[in-house]
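1. Got a predicted structure plus its sequence, pasted below:
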Amino acid sequence: MEDYQKYRWFVTSSGKIVIGGKSSTQNDELLKQLKKEGTERMILHTSAPGSPFSIILAEFSDVTERDTEEATIFTGCFSRQWRDQAKKAEVDIFKLSEIYKLGSMKTGTWGVKGKINRMKVNLELVLTIQKDKLRAVPEITAKKKEVLLKIRPGKIDKREMLIKLHTLLPDKFTQEEILQALPPGGVSIVRR
């Protein structure tokens, strides 16, 4: 998928691209497009509403446990649970072939017919550079020396944290690039 950067995205430690919708409209658009392609993919979504549908852009059979763990953390962190300052999130994991959309379902809503695996994850990310872009990724994804900052959900909105974040990150990132990398809601910086 060449246009993956219009979605939320990161690259797993094994080099697989994970994407997620930024809105219910993008979630629908993304899942419909992938359904048309017909390749079996792993899909992730929080158990509670308000989450991206995240997809690992690799054949389902090529996805490792580590890829799944990284994508699960990413999905939980970019969900409403982050904005609600939760410490953990439950993420459902299923196959693309197991989801369906009825005409009566609202935008961004999909049903699942089949087995759902569930994983509970801690909500914390690190800021690092991937494909020359600032990304917020699971800590297990980035090599220690590549970590710029560690973040968790916080009470201070990310826009209010911009000045502090801008001073702690390399000068090459604009405020807009920083905002685009972060999950919605508040942010706290974890001191190491």
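-> Arrived safely.
2. OK, contacts around residue 98?
-> 43, 112, 113, 114, 115 (CB atoms under 8 Å, 6 or more residues apart in numbering). For every residue, glycine as well, the C-beta is placed using N, CA and C.
3. gap between the residue lying closest to it once chain neighbours are set aside and residue 79?
-> Nearest residue to residue 98, sequence neighbours excluded (CB to CB, 6 or more residues apart in numbering): residue 114, at 3.6 Å. According to CB to CB, to the nearest Å, residue 114 stands 22 Å off from residue 79.
4. Give me the buried positions along the one helix or strand residue 163 maps to.
-> Taking DSSP states H and E as the definition, residue 163 sits inside helix 162-168. Neighbour counts using 16 or more other CB atoms under 10 Å place 162, 165 of helix 162-168 among the buried residues.
5. can you list the residues that contact that helix?
-> By CB under 8 Å, 6+ apart, the list of residues contacting helix 162-168 reads 148, 149, 158, 173, 175, 178, 179, 187, 189.
6. Wait, the fourth one touches residue 134, no?
-> I take that to be residue 173. Yes - between residue 173 and residue 134 there is a contact at 5.2 Å, judged by CB atoms under 8 Å.
7. Run through the chain and note the low-pLDDT ranges.
-> 1, 192 (pLDDT under 70).
8. Got the domain ranges for it?
-> 4-122, 125-190 (automatic domain parsing).
9. how long is the last one end to end?
-> Using CA to CA, to the nearest Å, one end of domain 125-190 lies 10 Å from the other.
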